[in-house]
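>>> sequence and predicted structure, then a few things I'm wondering about:
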Amino acid sequence: MSALSLHPDRLFPAEPSTRDVCRRLYGEVKDLPILSPHGHVPPVWIADDVPFRDPASLMITPDHYVNRMMHAALCENWSLYAGTPVRHWLESELVDIFGIEEVPSATNADTLYDVVAAWIADPAHRPRALMNSFDIEFIATTDDPCDTLGHHQKIAADPSFTRRVAPCLRPDKYLEPARDDWNESTDRLAEVSGIAIDAYADWVAAMEDRRAFFKANGAVSTDHSHQDLRTDVLEDAEAERLFRAARAGQARPEEGEALQRHMLTEMARMAADDGLTMTLHPAVARNHDAATFAAYGADVGADVPISVEATRALQPMLTRFGNTGTFNLVVFTMDETIFSRELGPLAGFYRNLYVGVPWWFIDAPDAIKRFRRSVTEAYTWPSWWWNTGSPRMRPPGSPGCSSPTTPGRSSNCEPHRYRPPPLPSHRRPAGRSRQARPSRGRQLLPLPSGLLHGGGQPRSGRRPAVGVCGLHGPLRRDRRRARAPGRLVHPRRPGPLGP
């Protein structure tokens, strides 16, 4: 029987000196707690400490990222995973969590199943115990706006459980009037909020009510996933007309889409008001295989990424909220082509925009490296290369680079202290300072502090929060990759962040 073993440096580069640096960096962060601001763990698992039934219900059936890869038997086809991130993540689970040291095969599949089943049966491996053993300090769930949040309230009221479990408002079906169930969902929203929804202003008031309820129960963010990123804004009269048509069941599909995009920008306005961080996970063709959807329903792995455009799509939202107030927006994508072409440059200009790390299909080592090259290396300090001829922009150590000699003044060689040259007098708005505010390109490293600690605080003078991707199941004892102060956690296989 072949032995299954894991090399401690398996994720590090082969070049010795670079590997030594990686070891030191990893050693600095590997024991930090996990912060997971987006995930799909049912809160009832934690509230009631629900024991897992069997290996399949723990590892496969609740996780459609695994389902899509498991049309054939796992152990029987183990060799087909050679050299893939999936193989790495599965091996890490088998060895690090379950203590399995045999290479899976058709002959030992039943034995390995029994080993995992015995592990599950141990009370030390229930959800709350796993939260502690994996040191999950913070985890956010994904919740319907009409949810009572009773499970979250039960967790918060239990003094014996010190880990933080926060709700996250996911209002997609309430923002899509073209859906067959939109009117039914809107009626439910009216019932729960206590606000009769006959006009668009009523819908806005009801949604604001639910946002306030979620925030009062610990929410720090909302999550949205629609076909595209468009945030077109309608005139008030047109929004009212389309809303009433949708409530009457008479809106055409294109009118429903127009209203959905307007509603998404309305949610951004609410985020700017209440400080909840807004995250976008766009561009997924849901339930692509009709036969699979008919037989098994949604969320079984038949979702496929599609292309998405961001620059023009987000302009209405960013024009209104991208550089003002306490608004925080994190945009994820599975379309890698827009990292360097659109999202990086947009985040380089709009102070309130963050680029989410690789998500779902592209959360794999090579894609993460491409993300680093296309976004973080090029756009973290965009002012550095916009005006390289300016004496304020010279790299440290270059000719003419001086150090600060006056207390409170910065060196002209520090890119993060760069101020662009003043605008000509005829282009400066009245009353504005000669020095424009610096442009600060960012990725989701660090996260907006509001995503973990509550919104509304000013950005300046704060130490960055730790940036993380997500946690979708109780067993994601993720490989932890350092990217910033704290730890960036990437789940154990492609598809970590979920829709």
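Now that the structure is in, tell me what you want to look at. Numbers count the residues shown, from 1 in each chain.
>>> got the end-to-end distance for stretch 205-224?
Start-to-end span of stretch 205-224 (CA to CA, to the nearest Å) is 19 Å.
>>> now swap in stretch 92-106 and tell me
Distance between the two ends of stretch 92-106: 20 Å, counting by CA to CA.
>>> number the chain from 122, please
From this message on, residue numbering opens at 122, which makes the last subject stretch 213-227.
>>> from the chain's centroid, how far away is that stretch?
Distance, stretch centre to chain centre, for stretch 213-227: 29 Å (CA atoms, centre = their mean, to the nearest Å).
>>> same check on stretch 240-250?
28 Å.
>>> who touches that stretch?
Residues outside stretch 240-250 that contact it (CB atoms under 8 Å, 6 or more residues apart in numbering): 162, 166-167, 170-176, 179, 218-220, 254, 282, 284, 595. Every residue, glycine included, has its C-beta placed from N, CA and C.
>>> could you list which of these belong to helices?
Among the contacts of stretch 240-250, the members found in helices (DSSP state H) are 166-167, 176, 179, 254.
>>> tell me the spacing between residue 339 and residue 287.
5 Å (CB to CB, to the nearest Å).
>>> what touches both of the two?
Joint contacts of residue 339 and residue 287 (CB under 8 Å, 6+ apart) are residue 273.
>>> who has more neighbours out of these two?
The neighbour count for residue 339 versus residue 287, taken as other CB atoms under 10 Å, is higher for residue 287 (24 against 18).
>>> from the contacts of stretch 240-250, keep the buried residues only.
By the neighbour-count criterion of 16 or more other CB atoms under 10 Å, the contacts of stretch 240-250 include these buried positions: 162, 166-167, 173, 176, 179, 218-219, 282, 284, 595.
>>> now, which of those residues sits nearest residue 234?
residue 176 (5.7 Å; CB to CB).
>>> now for that closest one: which residues touch it?
Residue 176 touches 234, 237-238, 241, counting by CB under 8 Å, 6+ apart.
>>> what about the strands in the stretch 222-371 of the chain?
Per DSSP state E, counting those that start in this stretch, the stretch 222-371 of the chain carries strands over the ranges 257-261, 285-287, 342-345.
>>> out of these, which is closest to residue 202?
Proximity to residue 202 (CB to CB) singles out strand 257-261 among the strands of the stretch 222-371 of the chain, at 27.0 Å.
>>> secondary structure class for residue 428?
coil (DSSP: H, G, I helix; E, B strand; the rest coil).
>>> wait, it sits on residue 454?
No. When contacts are counted by CB atoms under 8 Å, residue 428 is not listed as touching residue 454 (9.6 Å).
>>> identify the contacts common to the two.
Residues touching both residue 428 and residue 454 by CB under 8 Å, 6+ apart: residue 404.
>>> need the contacts of residue 176 in TSV (columns: pLDDT and neighbour count).
Below are these laid out as TSV (pLDDT from 0 to 100; neighbours: other CB atoms under 10 Å):
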residue	pLDDT	neighbour count
234	93	14
237	95	22
238	96	15
241	95	19
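>>> for the stretch 172-321 of the chain, just list every one of the helices.
Ranges of helices in the stretch 172-321 of the chain, per DSSP state H, counting those that start in this stretch, are 176-180, 185-188, 206-213, 230-242, 248-254, 271-277, 303-314, 321-337.
>>> lowest-confidence stretch among these?
Mean pLDDT is lowest for helix 185-188 among those, at a mean of 70.
>>> dump the helices of the stretch 172-321 of the chain to TSV, plus distance to residue 381.
Output for the helices of the stretch 172-321 of the chain, formatted as TSV (distance: least, CB to CB, whole Å):
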stretch	distance to residue 381
helix 176-180	35
helix 185-188	24
helix 206-213	34
helix 230-242	42
helix 248-254	35
helix 271-277	28
helix 303-314	9
helix 321-337	12
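>>> ok, residue 283 to residue 252 distance?
From residue 283 over to residue 252 the distance is 9 Å, taken as CB to CB.
>>> which of the two has more neighbours?
Neighbours were counted for residue 283 and for residue 252 using other CB under 10 Å; residue 252 has more, 24 against 9.
>>> now the more buried one, nearest residue through space, not along the chain?
Distance criterion CB to CB, 6 or more residues apart in numbering; nearest residue to residue 252, sequence neighbours excluded, is residue 284 at 4.8 Å.
>>> before we move on, could you check phi and psi at residue 394?
phi -80, psi -40 (degrees, to the nearest 10).
>>> and it, how many neighbours does it have?
Residue 394: 15 neighbours (other CB under 10 Å).
>>> and what of the one 10 residues further on?
Counted with other CB under 10 Å, the neighbours of residue 404 add up to 21.
>>> how about the contacts made by it?
By CB under 8 Å, 6+ apart, the neighbours of residue 404 are 348-350, 426-429, 454-456.
>>> would you mind listing which of the residues you listed are buried?
For the contacts of residue 404, buried by 16+ other CB under 10 Å: 349-350, 426, 429, 454-456.
>>> need those in a markdown table (columns: pLDDT and distance to residue 277).
Shown next, in a markdown table, are the buried ones among the contacts of residue 404 (pLDDT from 0 to 100; distance: CB to CB, whole Å):
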| residue | pLDDT | distance to residue 277 |
| --- | --- | --- |
| 349 | 96 | 36 |
| 350 | 98 | 34 |
| 426 | 91 | 36 |
| 429 | 96 | 36 |
| 454 | 93 | 33 |
| 455 | 92 | 34 |
| 456 | 92 | 38 |
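>>> just name the closest of those to residue 130, please.
residue 455 (29.5 Å).
>>> list the residues that contact the closest one.
404-405, 426, 480-483.
>>> of those residues - the most surrounded one?
residue 480 (24 neighbours).
>>> and that residue, how far is that from residue 402?
Distance of residue 480 to residue 402, given as CB to CB: 7 Å.
>>> pLDDT score for residue 300?
pLDDT, read off for residue 300, is 95.
>>> that one reaches residue 294, doesn't it?
Yes. Residue 300 lies in contact with residue 294 (CB under 8 Å); the separation is 6.0 Å.
>>> intersection of neighbour lists for these two?
Common neighbours of residue 300 and residue 294, using CB under 8 Å, 6+ apart, are residue 306.
>>> okay if I get the buried ones among the contacts of residue 404 as JSON lines plus distance to residue 144?
Compiled in JSON lines, the buried ones among the contacts of residue 404 are given as follows (distance: CB to CB, whole Å):
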{"residue": "349", "distance to residue 144": "43"}
{"residue": "350", "distance to residue 144": "40"}
{"residue": "426", "distance to residue 144": "34"}
{"residue": "429", "distance to residue 144": "38"}
{"residue": "454", "distance to residue 144": "32"}
{"residue": "455", "distance to residue 144": "32"}
{"residue": "456", "distance to residue 144": "34"}
